[in-house]
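Novice: Using only what follows, build the 3D model:
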Amino acid sequence: MTGAAETKKKGKSLPPTLIIRLGKFVWTTLWQMMMSKLAPRNNSGEYIRPASEFRNFIGTEAENPYQPEAGRYCLYVGLGCPWAHRTLVVRALKGLQDSIPVFIASPSSNQGIWVFNQQQEGCDTLPELYELAKTGYNGRCTVPVLWDKQSKTIVNNESAEIIVILNSQFNEFATNPTLDLYPEELKETIDVWNETIYHAVNNGVYRCGFAQTQEAYEKACDQLFTTLDKIDRALETSRYLCGDRVTLADVRLFTTLFRFDVVYYGLFKCNRFRIQDYNNLGPYLRDLYQLPGVADTCSLEDVKRDYYGNLFPLNPGGIIPSGPDLASLLKPHGRE
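Specialist: Residues are numbered from 1 along each chain as shown. The predicted structure follows:
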């Protein structure tokens, strides 16, 4: 009797193929819903990064309300974010640690927003800070943020512009004021590299990871590795992108390269080659990492936690890999 009951019970179970199809339908539907919020796309399934909205500059012009002052401004950053990391690298290279304090926000996997490690300006979250800066704000709340403590507002939230500001507008307070990462004679070359690297590499890894069609992914992946090949060839005869001196172009590339083998190679499917597999890009990455103060801006554990632990649509299990060991970045680079 028991055996017959068990047979009858088993006979009522769903066929495995139906379970699989149902599971794929439910997960694909949920994935598309979540990705639409995480990564806006066009009709071809390509990731489209929204533009930053706060675009003011600090300067000494009489009409500029944002004058350079030590202690007046601060940076809100996420340690895992490559865009925010740019500002930390320039701040370290210029020696602005005592003039521009940094406060940390961490992504909340449950809320889908940046949350401050300690309350800032009476705010617990980054959206609250954006609301404080602009009542009724309903845009994206991203890091980095260059904040004016005097007027309680956001000066700028575009990393490419913040690093230009940090490079030039606080020299009287910097411990390394003679370092110019955006010299006049190299601006055109730097701008060309920046344009190429932003689209194909900095944002290119996201275009791979956030692609929502096979065609969109393959297009982004082809552009990414074509450009990395081009950079690797250029570095064969030049220590840095624009010659024998570090520039903002190197800073902007560095923060992506630092995360590449750890995150983008696997999680974002950028897995044709690792940076360490390249003859010149690998040593170049070590060279930049070993510049004074740069290693202190790099938090591998935060990078892994923020990507693997918080990008649920890409890593539903939330399992964070244990490696790699950063000791490899301390090996001789031979780029002198």
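
Novice: you'd agree Asp124 is in a strand?
Specialist: Yes. Counting by DSSP: H, G, I helix; E, B strand; the rest coil, Asp124 is found in a strand.

Novice: quick one, domains of this protein?
Specialist: The domain map for the chain lists 71-171, 182-290, with the assignment taken from the TED database.

Novice: Can you verify my assumption that Ile320 contacts Asp302?
Specialist: No. Contact criterion C-beta atoms under 8 Å: Ile320 and Asp302 do not qualify, at 11.0 Å. The C-beta positions use only the backbone N, C-alpha and C, and glycine is treated the same way.

Novice: Tell me which of the two has more neighbours.
Specialist: Set side by side, Ile320 and Asp302 show unequal neighbour counts under other C-beta atoms under 10 Å, the larger going to Asp302 at 18 against 13.

Novice: quick one: what helix or strand has that one in it?
Specialist: Assessed by DSSP states H and E, Asp302 sits inside helix 300-308.

Novice: Give the buried residues for that helix.
Specialist: With burial defined by 16 or more other C-beta atoms under 10 Å, the residues of helix 300-308 counted as buried are Leu300, Asp302, Val303, Lys304, Arg305, Asp306, Tyr307, Tyr308.

Novice: again, but for stretch 120-131
Specialist: Applying a neighbour-count criterion of 16+ other C-beta under 10 Å, the buried positions in stretch 120-131 are Gln120, Cys123, Thr125, Leu126, Pro127, Glu128, Leu129, Tyr130.

Novice: got it, and stretch 134-143?
Specialist: Across stretch 134-143, burial judged by 16+ other C-beta under 10 Å covers Tyr137, Cys141, Thr142, Val143.

Novice: Make TSV from the residues you listed and add pLDDT to it.
Specialist: Written out in TSV, the entries for the buried residues of stretch 134-143 read as follows (pLDDT from 0 to 100):
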residue	pLDDT
Tyr137	96
Cys141	94
Thr142	95
Val143	97
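
Novice: Let's check: the centremost residue of this structure is which one?
Specialist: The residue lying closest to the centre of the chain (C-alpha atoms, centre = their mean) is Pro82, at 2.6 Å.

Novice: shouldn't it be in contact with Arg259?
Specialist: Yes. Pro82 is in contact with Arg259 according to C-beta under 8 Å; the separation is 5.8 Å.

Novice: hang on, the earlier thing: nearest to Ser328 among the domains of the chain would be which one?
Specialist: Go through the domains of the chain one by one with C-beta to C-beta and the one that ends up closest to Ser328 is domain 182-290, at 7.2 Å.
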